[in-house]
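> Let's see this in three dimensions:
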Amino acid sequence: MNKSDLIDAISLKENLTEKNASEIINLIFDGFTDTLKKGGRIEIRGFGSFSVREYGSYTGRNPRTSEKVQVGTKRLPFFKTGKELRESVNV
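Residues are numbered from 1 along each chain as shown. The predicted structure follows:
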């Protein structure tokens, strides 16, 4: 399922126009993004949680030239599945 499929499903189930469903989905995703940018954590009980993990710098290798390059520190989103989701998928 992608974003447009989610919008279609919400618009059909709740009798909304696609524009209204799209605005709702974008509002939710923007809220998630803003929270993660600020270093916050999002928890949806039974589904999972989103957080930001910080990774230190390291020396990598350019695959084309085999030249060593320094990769800087970075922050990446991380998702951990909830117990109920894990159990329902693992049936």
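
> residue contacts, residue 39?
Each residue near residue 39 by CB atoms under 8 Å, 6 or more residues apart in numbering is listed here: residue 52. Heads up, the C-betas are built off the backbone N, CA and C, glycines and all.

> so how far is residue 61 from it?
Computed with CB to CB, to the nearest Å, the distance linking residue 39 and residue 61 is 30 Å.

> How about residue 50?
Using CB to CB, we find residue 50 at a distance of 31 Å from residue 61.

> What of residue 12?
Distance check for residue 12 against residue 61: by CB to CB, it reads 49 Å.

> biggest helix in the protein by residues?
Residue-count comparison of every helix in the chain, with assignments taken from DSSP state H, identifies helix 18-37 as the longest.

> show me where pLDDT drops low in the protein?
Using pLDDT under 70 as the threshold, the predicted model of the chain has no low-confidence range.

> Could you pull up the contacting residues of residue 35?
Applying CB under 8 Å, 6+ apart, the residues contacting residue 35 are 41, 42.

> same thing but at 6 Å, please
Each residue near residue 35 by CB atoms under 6 Å, 6 or more residues apart in numbering is listed here: residue 42.

> Can you point out the buried residues in the helix or strand hosting residue 12?
Remark: residue 12 resides in helix 3-13, with elements defined by DSSP states H and E. Buried positions in helix 3-13, judged by neighbour count with 16 or more other CB atoms under 10 Å: 6, 7, 10, 11.

> For it, name the packing helices and strands.
Using 3 or more CB pairs under 6 Å, 6 or more residues apart in numbering; DSSP states H and E as the contact test, the elements touching helix 3-13 are helix 18-37.
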